[in-house]
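Asker: Pasted the sequence and its predicted model underneath.
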Amino acid sequence: MSQTKITFIGAGNMASSIIGGLVKKGYSAGQITATDTHQPTLDKVADSFPVVTTADNAAAAVRSNVIVLAVKPQVMEQVCTALKPHLAHKPMIISIAAGIDIRSLDTWLGNDLAIVRCMPNTPALVQTGASGLYANERTSDAQKAIANDIMEAVGIVQWTASEDLIDSVIAVSGSGPAYYFLMMEAMIDAGVAQGLSRENATQLTLQTALGAAKLAQDSDVDVVELRRRVSSPNGTTEKAIQSFENDNLREIVARAMQTCAERSKEMAKELGA
Ligand SMILES: NC(=O)C1=CN([C@@H]2O[C@H](COP(=O)(O)OP(=O)(O)OC[C@H]3O[C@@H](n4cnc5c(N)ncnc54)[C@H](O)[C@@H]3O)[C@@H](O)[C@H]2O)C=CC1
Ligand SMILES: O=C(O)[C@@H]1CCC=N1
């Protein structure tokens, strides 16, 4: 990693989170370049970290051996085709865009690069991210290790067996934080409806979410057993869980996640090559 020069194309939320993680882990900021078309975004990144910033994607690309594509899916084609003439040195490409497949990236970038598709999530901002990664066949083991190190700077990394499964990663962890935020919102509102102050309901809900996740991670039993341990026979939790089951919570979750993965496939058709 020490010889790796990384350019982030697009310096928005996700890119700045990953840059923050790398710098925190001791990666030399001088080896990192961030580009953006929006000057205030570049200024914000430059104020936070001593990285090189520029609006010139091509100039940044030619001096890097890893390029992280962190722009929105809708501008990916335009960004990639403009970069193509500047990639003769064959940098590894890491794309974090939802719904843009390797075939499209290959077409736009010239069909000869190591490409890693990566799906991070916003808890990367607090170094608690979860990323799914898939590499094309041109990616060497050394390059995969670099991609792994970059994403591990902001959380855990899981490699998938096929590119298709990146859509499932989006459904589980890419979009997943929003599901938990929705659940928290619903629990806070229900607590308030039962008479708690919003402050009480919010603090109790957030700490419960954090505690449940921590317990599940640290425990040597699975989440089914952990749920069983909260639920005393004929007690309060059992009633709440029965109510969720009667209302088909599992089906509701599965349907939402199916819709999520399908949207990624649809985006690949709408925005792809
Ligand atoms: N927000 C999320 O939860 C997640 C987002 N992603 C993916 O990450 C990517 C970036 O998302 P965010 O960081 O949330 O978006 P963002 O909007 O915060 O960042 C994108 C940045 O790209 C810049 N940009 C636009 N055109 C450019 C160009 N031609 N050259 C250089 N920079 C340019 C924009 O000014 C913006 O600052 C997206 O493709 C998204 O699918 C992946 C996982 C989670
Ligand atoms: O909603 C989206 O399209 C992006 C990808 C995963 C999380 N946010």
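Answerer: Looks like it came in fine. Ligands and ions are numbered 1, 2, ... in the order given.
Asker: By neighbour count, which bits of the lengthiest helix in the chain are buried? Give me those.
Answerer: Ordering each helix of the chain by length in residues (DSSP state H) puts helix 249-271 first. For helix 249-271, a neighbour-count test (16 or more other Cβ atoms under 10 Å) marks 257, 260, 261, 263, 264, 267, 268, 271 as buried. Every C-beta, even on glycine, is put in place using the N, C-alpha and C of the backbone.
Asker: Arrange the residues you listed in TSV, one row each, with distance to ligand 1 and pLDDT as further columns.
Answerer: Below are those laid out as TSV (distance: Cβ to the nearest ligand atom, whole Å; pLDDT from 0 to 100):
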residue	distance to ligand 1	pLDDT
257	15	98
260	12	98
261	14	97
263	11	96
264	9	95
267	9	94
268	12	94
271	10	94
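Asker: and the chain, which residues reach ligand 2?
Answerer: 98, 170, 174, 175 (Cβ under 6 Å from any ligand atom).
Asker: Just give the nearest non-adjacent residue to the last one, would you?
Answerer: Among residues not flanking residue 175 along the chain, residue 260 sits closest, at 5.2 Å (Cβ to Cβ, 6 or more residues apart in numbering).
Asker: check contacts around the one you found.
Answerer: Listed by Cβ atoms under 8 Å, 6 or more residues apart in numbering, the contact set of residue 260 reads 170, 171, 175.
Asker: returning to that earlier point: where is pLDDT lowest across the residues of the chain next to ligand 2?
Answerer: pLDDT across the residues of the chain next to ligand 2 is lowest for residue 98, at 93.
Asker: wait, that one sits on residue 174?
Answerer: Yes: using Cβ atoms under 8 Å, residue 98 and residue 174 qualify as a contacting pair, with a distance of 6.4 Å.
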